[in-house]
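1. Build the 3D model from these lines:
(chains A, B and C)
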Amino acid sequence: MIQLLKIELYKIFKRPRTYISFGLITAITFLIQLAMLTDGKGFLGFVMQGINEQFDIQGHILNGYLVTYIILQSLLVQIPLLVALVAGDALAGEANLGTLRLLLTMPISRAKIVLMKFLSSFIYTVLLILWLALVALFLSLLLFGTGDMVNMKSDAFIMILKDDIMWRYFMAFAFAVLAMTTIASLSLFLSAFADNSIGPIMATMGVVVVLTILSNLEIPLFNIIRPYLFTTHMVGWKGFFDDPVPFAAIGRSALVMAFYTIGFLTATIVYFNKKDIKS
Amino acid sequence: MEKIIETQNLTKSFKDFKAVDNLSFAINKGDIYGFLGQNGAGKSTTMRMLLGLIFPDSGKILINGKEFSNKDRSLLKNIGAIIERPDMYGYLSGWDNLKIFATLRNKNIPNTRLYEVLELVGLKGREKDKVKAYSQGMKQRLGLAIALIHQPDILILDEPTNGLDPQGIADMRTLIISLNKDHNKTIIISSHLLYEIEQMATRMLIIHKGKKVVDGATIELLNPDETLVEVKIEPDKNWDTLFADSVWQQKLNHIDTQSAVLKMNPATTPELNNWLVKNGIRVLEIKSKHSLEDYFISLTNDTVTKN
Amino acid sequence: MPSSFKILSILFFIVLNSFVVAAKEASELFYTLRTKVLSVKDFTADVKMKIDINNMRIPLLKGTLYFKSPDKMRMERNGGLSILPKKNINLTLGNLIPTGNVMVIDVGYDTLAGKRVHIIKAVPEDELSNIVLTKIWIDETNLLAMRTETTTRNDGTVKMNLEFANYIKYALPDKVTIFLDVKDFKLPKGVTVDYNVNATPDTNAKTGKQKLQKGTIQISYLKYAINTGLGDELFAKGKEE
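-> I've put the predicted structure just below:
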C-alpha cells in the first residue's frame, strides 16, 4: 500500500505540470499583495464605506491578517481548478497516456489503485493548501505586519483581536483542505469516466461553478436545495472569522463535505471496478 | 500437456457489437501461442480479458487451472504483458518506469534484476534517458523489460511488432523465440500477419469476428502437403492430357490452358519440374502458396470492422 | 371680590415667581454643572469599551482613551484598532451638552438609581448648533449628570447613562453607557460571498432601505490622569492606515 502511494506521489511530483499549481498560487498571492501594497487603502475605502460613514476606525487595518483573508477569498475560488488539475488527471491521464492498462495488469485490486490515487491527490491538496498558507499568511504577515482584523460580511462588521486570529486561520486552512478534498474526490470520480484529463478537469470546474451559482442565487426554490449542495459549505472556512464562531454550522458543513467525499470515492471505486479498459 | 491458460465459452459484447463470441481455447505450458486475426477480430479483447482489463459477459478463464476473476487478481502475478502500444510515463526515465512497475510487482526486486532485463532487451546504457526521447522500438523493448521484470511464466504480447522497422521486427522475433526456448516462457502473441505468427508460434488460433475459426499446432495447420503450387507454362497441346494417369493426377486442384494448381508438399517441386520438362513442357514459373494463407487473405478481404 | 382677585393674583404671582425662581435655579444648576464638566481640559484614561451594535461584532476593547476639550478624542490600543463613533458628538459628557448661551427649562424631579435627580432641558440659543436639545438628569448633591438625552441635528438621538464613584470631584464617570442610532449597512453579496448555510433572504437587503439600529457603547474608565496638558499632535490624524 505504502509503496503504491509512494509511486503515485512520485508520478505526481515528477511532473512539471504539478508545479504550475504552486506557481499560480504564488503568483496570484503576490499580485494581490502587490495590489494591497499599492492601493490597499482605496480597496478598504470601498469595502468599508458603510462603516466609515459612522465610525472612525483607526490603527493598522490593512495588516497581514486582513490581506490573507482577502487572498483566501479570491483564491479559494480558483483552487478547485488546481486540485482538479491533478485529481482529474489521476485516472483519465493514465488512460490517455496508455499507462493505465499496464498499471491495471498488476496484481493489485482496482479499489486499491483508486484509493491510492485519491490519497495521493489528497496529499497534493494538503501540500497546496500548506503552500497557500505559507505564501498567503506568512508572507502577508511579513509584508503587512500583524494587528486586529476586521471582517466585512455583507450585513455585519466583525472585529477580531490580534491574539485571537491565528487559530482561526489554522482551522480555516484545515477546513479548506476538507473542501478541496471534496473537489478532489469529485474530480477523481469524473476522471474514472474519461480517457483524457481535460474532460474531468473542465467538468469539475463546470460542476463547481454551476453549483456555486445555485448556492448563491437568492431564489426561494434554491433555498430548499442550498443546504444540500457541497458548494454552499465550501466557504465554511469563513465561519471561523465570525463572532461567535458558528461551530455547529461549520461542523454540519464539514459533515456534508465528508459525506460527499466518501460518496464520490465509493462511486469511483464501484464504477472503476467494473470498467472495461479499452484505451 | 499442462494447460496453463484455458478459456471456456468466453463472450464479450460492447453495446451491440459482439467482440468475442463463445471462444474456447487452451494454451499449453511452453507454447508460443499465436492469435491470428484481422483488426477488430477480437484478439485484443480476448487478451485484455486474460489480463483482467476487460470483464467477460460470460464464460470462464482459467489460469494455472484456477478461475480468474477480478476479485482475486493474484493470478496475474505470473503474467507479464504488453498490450498494444508500449505506453510509458514519458516524463520519467526508462529506469524510473521500470522501477515503478518492478515495485508494483514486488518491492523486493533488486536493481541488479533491473539491469539484467535491460541487458536482455538491449536497453542497457539508455535507461537514464527520458522515455519521451525513446524510439518506438526502444519503448517496445522497455515494455518487454517491464513484462519480464518479475520473471513471469506467461507473457502476453499484443501485436509486439507493431510500429517497428524491419530490423526491429526481426530483433523482437529473435527475442521472443529466445524467451520461449531459453527462458521457458509460455508466450501468447497476437498479430494480424500470418507470416509473423507462422515464424514464431508453435500453436495458433485464428479468430474472425470474435469467433474461433481454427486452432491447433502450427505444424499441422501449416501442413506442407496442403500447399498450393501453381505452375505457369508456355502453351502446349499435350497439356490437358499430360496429368492423366500420372502420380500428379490426384494432386491436381485446378487446370487451364497455361497453368495448373496442385495441392502438394512444396518439397517435391523439383520432381514436378523434372517431370514436366521431361514431358517437353516449357515451364515459365512455379510458385507455392499455403492454403491457410489463401484462406486468411479471403478473411481479410471481408468488410473490416475496426477495433 | 377684589380681595379674592387680589388673593388670586398673589397666588398667581407666587406660582409664577416660583417658576421663575425654579427656572433661574435650573439655569444656574446647568451652568454650574457645565463649568464643572468643562473644568476637565484633558484626560488620559485606561478604558474597557464594549461596543454593542446589532450588525457589528466587536470584542471588548481595552485601551487608553485620550481626550482634549472640547472635542478631541482618540483611543490607543497598543497597535490594535480603535473604533469610535464618527460624528460631531463624541463619548464625553462635555460634548453632549450645549455650549454658549443656553435656555434652560426645569422639568422637575425624579428618582434615578435610587437617587433624587433634578431634570432639566437645555436648548442652545445658537440655532446652528448640532445639538438641538439636551435633557439632563442631575444629582444635585454631588453636582453630577446621571443621564443625558441629546437630540442632534445630524446624528439622531444620543442617550448617555453615567455612573460615578472615584472621580466625582471632576464629574468624570467610572462607567458610561451610550445609546445611539446606527444606520444599517450592506455590502453587495457578490463582494463578500458569505458563508450562510440556511440563508433566508433578508427583505431589508432587497429594498436597500437603511434601517436605523439602536446601538450601545459601554465604557468603563479604570484610571484617569486629568489635566496633564495633552498636546494636539496626539490627536493628529494620519495614523490611520
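
2. Tell me which helix or strand comes right after the lowest-mean-pLDDT helix or strand in chain C.
-> Across the helices and strands of chain C, mean pLDDT, DSSP states H and E gives its lowest value to helix C:203-207, namely a mean of 41. Using DSSP states H and E, the next helix or strand after helix C:203-207 towards the C-terminus is strand C:212-226.

3. Only the buried residues of that following strand, if you could.
-> In terms of neighbour count (16 or more other C-beta atoms under 10 Å in any protein chain shown), strand C:212-226 has its buried residues at C:215, C:217-221, C:224, C:226. Quick note: C-beta positions are derived from backbone N, CA and C, even for glycine.

4. what about the helices in the chain?
-> Using chain A. Secondary structure of chain A (DSSP state H): helices located at A:2-13, A:16-47, A:49-52, A:64-75, A:79-87, A:89-97, A:99-103, A:110-132, A:139-144, A:166-191, A:198-216, A:220-225, A:230-234, A:247-274.

5. meant chain B, my bad for not saying
-> Assigned by DSSP H, chain B shows helices spanning B:43-50, B:94-105, B:111-121, B:136-148, B:166-181, B:194-200, B:218-221, B:239-242, B:269-278, B:291-300.

6. Let me know which of the ones you listed is tucked in deepest.
-> Using mean count of other C-beta atoms under 10 Å in any protein chain shown, the stretch among the helices of chain B with the largest mean neighbour count is helix B:43-50, at a mean of 25.

7. which strands and helices sit next to that one?
-> strand B:3-14, strand B:17-28, strand B:32-36, strand B:58-63, strand B:154-158, strand B:186-191 (3 or more C-beta pairs under 8 Å, 6 or more residues apart in numbering or on different chains; DSSP states H and E).

8. how about the second one, does it get close to chain A?
-> Just to be clear, that refers to strand B:17-28. No: against chain A, strand B:17-28 shows no contacts by C-beta under 8 Å from any C-beta of the partner chain, the least distance being 9.6 Å.

9. what comes into contact with that strand?
-> Strand B:17-28 is touched from outside by B:1-13, B:33, B:42, B:45-46, B:49, B:56, B:59, B:186, B:188, B:203, B:205, B:207, B:209-212, B:215, B:305, with contacts defined as C-beta atoms under 8 Å, 6 or more residues apart in numbering or on different chains.

10. count of residues packed around C:G229?
-> Under the neighbour criterion other C-beta atoms under 10 Å in any protein chain shown, C:G229 is assigned a count of 7.

11. Contacts only, for residue 82.
-> Since you didn't name a chain, this refers to chain A. A:L82 is in contact with A:21, A:24-25, A:128, counting by C-beta under 8 Å, 6+ apart.

12. nope, chain B please
-> In this structure, B:I82 makes contact with B:140, B:143-144, B:146-147, B:156-158, B:160, judged by C-beta under 8 Å, 6+ apart.

13. how close does the closest residue to it other than its chain neighbours get to A:R101?
-> Nearest residue to B:I82 in three dimensions, chain neighbours excluded: B:G143, at 4.3 Å (C-beta to C-beta, 6 or more residues apart in numbering or on different chains). Taking C-beta to C-beta, to the nearest Å as the criterion, B:G143 is separated from A:R101 by 11 Å.

14. do A:F43 as well
-> Spatial separation of A:F43 from A:R101 under the definition C-beta to C-beta is 52 Å.

15. just to revisit the earlier point, just the buried ones from the contacts of strand B:17-28?
-> With neighbours counted by 16+ other C-beta under 10 Å, the contacts of strand B:17-28 contain buried members at B:4-7, B:10-12, B:33, B:42, B:45-46, B:49, B:56, B:59, B:186, B:188, B:203, B:205, B:207, B:209-210, B:212, B:215.

16. who in the stretch 51-200 of chain B is up against chain A?
-> Counting by C-beta under 8 Å from any C-beta, the positions of the stretch 51-200 of chain B adjacent to chain A are B:51-55, B:70, B:73-77, B:79, B:81, B:83-85, B:87-92, B:96, B:100-101, B:103-105, B:107, B:143, B:146.

17. and if we set it to 7 Å?
-> Listed as neighbours of chain A in the stretch 51-200 of chain B under the rule C-beta under 7 Å from any C-beta of the partner chain: B:51-55, B:70, B:73-74, B:76-77, B:81, B:83, B:85, B:87-89, B:91-92, B:100-101, B:103-105, B:107, B:146.

18. tell me which parts of chain C are close to chain B?
-> Counting by C-beta under 7 Å from any C-beta, no residue of chain C sits close to chain B.

19. Equivalent analysis for the stretch 51-200 of chain A, please.
-> Neighbours of chain B within the stretch 51-200 of chain A, by C-beta under 7 Å from any C-beta: A:97-99, A:101-102, A:104-109.

20. hang on, isn't the residue nearest to B:I82 packed against B:E84?
-> No: contact criterion C-beta atoms under 7 Å: B:G143 and B:E84 do not qualify, at 9.9 Å.

21. show me where chain C has strands.
-> Listed in chain order, the strands of chain C (DSSP state E) span C:42-53, C:56-57, C:61-68, C:72-76, C:82-85, C:102-112, C:115-124, C:131-139, C:144-152, C:157-163, C:175-183, C:212-226.

22. Among the ones you listed, which comes closest to B:R282?
-> With distances scored as C-beta to C-beta, the stretch of the strands of chain C nearest to B:R282 is strand C:56-57 (113.3 Å).

23. JSON lines please, covering the helices and strands packed on helix B:43-50 and showing distance to A:K153.
-> Putting the helices and strands packed on helix B:43-50 into JSON lines (distance: least, C-beta to C-beta, whole Å) gives the following:
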{"stretch": "strand B:3-14", "distance to A:K153": "54"}
{"stretch": "strand B:17-28", "distance to A:K153": "58"}
{"stretch": "strand B:32-36", "distance to A:K153": "68"}
{"stretch": "strand B:58-63", "distance to A:K153": "61"}
{"stretch": "strand B:154-158", "distance to A:K153": "61"}
{"stretch": "strand B:186-191", "distance to A:K153": "65"}
